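Chemist: take this sequence and fold it.
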Amino acid sequence: MRSIRPLFAARRGRSARRRISPVPAAAGLALALALTATACGSGGDTEASDQASASVSAGDDGKIQIPDDIRRKLKDHGIDIDKWKNGAWKKWDKDDWLREADEYINPIIKGLWDPERMRKAEDPDRGVDDNDLSGDQGVTDPTPAPVQAQAVPAGYHDNAPTAGKVFFDAPEGTMVCSATVVEDPAHPGKSNLVWTAGHCVHAGKAGGWYRNIAFVPSYNNSAKSETELTDAGREEVAPYGVWWGDWAQTSDQWIEQGGATGGAGAAYDFAVIHVTPEQGSGGKSLEETVGSALPVNFAAPAVSKVDSIRATGYPAAAPYDGQKLYQCQDKPGRLSIVRTDPTMYRIGCTMTGGSSGGGWVETGTDGKPVLVSNTSIGPVSAGWLAGPRLGDVAKGLYQSVSKKFADQ
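Modeler: Okay, here's the model as predicted:
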């Protein structure tokens, strides 16, 4: 979650234990590496996305091969893919930080996301000052009263089967967000699509795509404490596996406007990740593995017509530690940061950073749950959350990712 304050202020109040800092690579980095291509694209660049996806192909062993032309293009940015998989990904040079869909390759590194590395991942806390939410920028309702986040009972797979955590590496270190398994119209009942926030995959206008993006459904399914997780095995932390993103897209607006401070781009702060299992899944899709996926409503009703929204996530900033799943339920209000951007949903909720990207669900016209937003921003005081309303831009992005993998 991008909190409503400057980044330096956000860090000043946090304990040393939760402070973002580079995290040493796990011992698993030295293990044999399974290589695939993770390509990321913006919502409106269909041509570039098609070119990127066409540039990689599956080999006889089922792994995606990186052709020579892509290797040469990466080397033009100072990246040698063979060195990358052996640790060069940890070097963040601003001039070489990849931004475009047809330039981004992210090899799967088997074993990189081990229990300790996942447990120590931080939230990508980003902020603007509350004063940036001036009342003349659009329709904004009164600030909602804080709603205390409620812990989801142990057995997350039974109580919130579509929820999970997204892990990734950024220049600041190892990061974490929340995410939701969503349906894939091209593969009914067999989706490999995950919905999260744009700032969980891309840094916005001043940066590029994050690295080593992976999704862990039902993270810490047994709701163990951070102390109990210290010696936990991978099967306890990630009972349904680690799923690496082999494609991700966010909106052009987030790439062009989003930043480390401020609310710019927040109305378009969403992303879709297509995932593939690190260890293999016996031929099962993500949806088949977890047993569920949510539909997405791109014609979300006006605030006045929504009785209640439930937000789900793994808050990581104090007083939470990022290891347990929480939910907030509230009637939404409106939040407008930029007059010309779509008005966002806002609810009272005490969840903090780390809940970013987590799904916002309402009851659809058929009486079943449907995704209508995701956590994007919240204030320093952690009293409310805001998320984008999903419209045509989000729908186009979602359909683009689905179409890309329709024949696979």
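Chemist: just checking, which helix or strand of this structure averages the lowest pLDDT?
Modeler: When the helices and strands of the chain are compared on mean pLDDT, DSSP states H and E, helix 7-12 comes out lowest with a mean of 29.
Chemist: Pro153: neighbour count?
Modeler: Residues lying near Pro153 (other C-beta atoms under 10 Å) number 11. Just so you know, the C-beta spots here come from the backbone N, C-alpha and C atoms, and that holds for glycine as well.
Chemist: residues contacting Leu286?
Modeler: For Leu286, the contact set (C-beta atoms under 8 Å, 6 or more residues apart in numbering) comprises Val181, Ser191, Asn192, Leu193, Val194, Phe215, Pro217, Trp243, Val275, Pro277, Ala293.
Chemist: how close does the closest residue in space to it that isn't next to it in sequence get to Leu325?
Modeler: Setting aside the residues directly before and after it, Leu286 is nearest to Asn192 in space (C-beta to C-beta, 6 or more residues apart in numbering), at 4.8 Å. Noted for Asn192: a distance of 22 Å to Leu325, by C-beta to C-beta, to the nearest Å.
Chemist: so which elements touch the top strand by length along the chain?
Modeler: What stands out as the longest strand in the chain, according to DSSP state E, is strand 173-182. Packing partners of strand 173-182 (3 or more C-beta pairs under 8 Å, 6 or more residues apart in numbering; DSSP states H and E): strand 163-170, strand 193-196, helix 286-290, strand 309-313, strand 359-363, strand 369-374.
Chemist: output it as PDB, nothing but the C-alphas.
Modeler: Only the C-alpha atoms of strand 173-182 are listed here, as PDB (Å, rounded to 0.1, in the frame of the first residue of the first chain):
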ATOM      1  CA  GLY A 173      15.200  -4.800  -1.100                       C
ATOM      2  CA  THR A 174      12.800  -7.700  -0.900                       C
ATOM      3  CA  MET A 175       9.200  -6.600  -1.100                       C
ATOM      4  CA  VAL A 176       5.700  -8.100  -0.600                       C
ATOM      5  CA  CYS A 177       2.100  -7.300  -1.700                       C
ATOM      6  CA  SER A 178      -1.200  -9.100  -1.600                       C
ATOM      7  CA  ALA A 179      -3.100 -10.500  -4.500                       C
ATOM      8  CA  THR A 180      -6.200 -12.500  -5.700                       C
ATOM      9  CA  VAL A 181      -6.700 -15.400  -8.000                       C
ATOM     10  CA  VAL A 182      -9.200 -14.300 -10.700                       C
END
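Chemist: what residues of it count as buried?
Modeler: Across strand 173-182, burial judged by 16 or more other C-beta atoms under 10 Å covers Gly173, Thr174, Met175, Val176, Cys177, Ser178, Ala179, Thr180, Val181, Val182.
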